[in-house]
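In: sequence and predicted model, in that order:
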Amino acid sequence: MEIKAANLAFHYKNGPEIFHDISFKVASPNVFCILGPNGTGKSTLLKCLINQFAPTKGLVYYNGRPVQNYSTKELAAHVAYIPQMHVPTFPFSVLDVVIMGRTAHFGYLAAPGKKDTMIALDNLDFLGIIHLAAKPYTNISGGERQLVMLAAALAQQPQILLLDEPTAHLDFGNQYRFLQMVKTLKDKGVGIVMTSHYPDHALEVADYTAVMKDGMFVHFGKPDEVISEKNMEELYDIPVKIIALSGNVKKSCIAGV
């Protein structure tokens with residue numbers, strides 16, 4: 001599946017412009033990582049991509065079809081979105097929360113069946129959190145909730161996955177596991193658009209990277225080209241060193257050097 005943004009801009013009513021002139025095109029199974037500091041508009045951009053917010057200018061397309069021409073249920077059958085924060089309200093079990101990710105595949109007035117439960121359990125197992133299945137969603141940590149929301153998104157069986165700061169609440173070990181999961185999903189044909197503060201995440205998993213600053217893409221291209229010492233120093237206003245890892249072609253970005 002292909003997602004295309006064409007000349008997007010957004011501002012709240014009577015408010016300042018959040019971002020402008022945003023254009024890109026990504027097709028499954030490519031991984032596209034958007035780097036940028038807080039407040040530059042990354043989260044708002046993702047909300048425009050799923051039609052939660054209507055851009056004040058420009059259009060979003062999925063497979064050449066404007067996003068507003070999809071019903072909510074139809075879009076959810078192809079595209080999954082995980083916000084940066086999710087505050088639980090009711091003490092549903094973790095398994096029930098993940099099964100809710102199957103809603104787009106239910107018929108009207110239909111209830112989840114054995115297949116939906118098995119898909120939910122498979123995704124909990126895939127993420128290494130099947131031991132949480134019976135726990136109330138309100139009684140687990142923020143990092144665990146993030147993984148549960150990811151399991152629910154995967155239960156949608158999307159072709160495109162949109163992730164807003166997906167590692168923000170994850171510890172070091174789970175950040176590593178998340179990056180390996182991204183590689184696995186790519187191998188399965190899933191396209192991913194993710195925002196991040198961490199250049200190393202883009203270097204590790206992304207096919208394309210954009211640097212977003214002052215509400216626009218100031219750089220776009222292959223991670224090795226975009227993530228340079230000069231670009232990262234300008235983005236985060238700190239000294240940065242890019243180093244090769246043990247002679248491998250992979251690189252790492254070190255701050256404050």
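Out: Received, thanks. These figures come from a predicted structure and were not determined experimentally.
In: where are the low-confidence patches of this structure?
Out: Along the chain, segments meeting pLDDT under 70 span 107-110, 246-249, 257.
In: could you list the domains of it?
Out: Here the domain assignment for the chain is 1-78+158-228, 88-157, based on automatic domain parsing.
In: what about the last one, start to end distance?
Out: The straight-line separation of the ends of domain 88-157 (C-alpha to C-alpha, to the nearest Å) is 23 Å.
In: for the protein, which segments count as helices?
Out: 42-49, 72-76, 94-99, 114-126, 142-155, 172-187, 199-205, 223-226, 229-236 (DSSP state H).
In: gap between the second one and the chain center?
Out: In other words, helix 72-76. Centre-to-centre, helix 72-76 and its host chain are 17 Å apart (C-alpha atoms, centre = their mean, to the nearest Å).
In: for it, buried residues please.
Out: Across helix 72-76, burial judged by 16 or more other C-beta atoms under 10 Å covers 75-76. For the C-beta atoms, the positions are set from N, CA and C on the backbone; glycine is no exception.
In: just to revisit the earlier point, now tabulate the helices of the chain in CSV and tack on distance to H11.
Out: Putting these into CSV (distance: least, C-beta to C-beta, whole Å) gives the following:
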stretch, distance to H11
helix 42-49, 10
helix 72-76, 24
helix 94-99, 34
helix 114-126, 37
helix 142-155, 28
helix 172-187, 32
helix 199-205, 27
helix 223-226, 26
helix 229-236, 23
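In: how many neighbours does G101 have?
Out: Neighbours of G101 under the rule other C-beta atoms under 10 Å: 25.
In: quick one, what contacts it?
Out: The contact partners of G101, by C-beta atoms under 8 Å, 6 or more residues apart in numbering, come to 80, 120, 151-156.
In: tell me the spacing between it and D237.
Out: 39 Å (C-beta to C-beta, to the nearest Å).
In: ok, now C253?
Out: Plainly put, C253 is 14 Å away from D237 if you go by C-beta to C-beta.
In: between these two, tell me which one has more neighbours.
Out: C253 (21 against 9).
In: nearest residue to the more buried one other than its sequence neighbours?
Out: Spatially, and ignoring its direct neighbours in sequence, C253 is nearest to P199 (3.9 Å; C-beta to C-beta, 6 or more residues apart in numbering).
In: likewise D171?
Out: D171's closest residue in space is G143 (C-beta to C-beta, 6+ apart), at 6.1 Å.
In: hey, what's the residue nearest the centre of the chain bridged with?
Out: By C-alpha atoms, centre = their mean, the chain has its centre lying nearest to L163, at 1.3 Å. Note on L163: beta-bridge partners by DSSP bridges are I82, M194.
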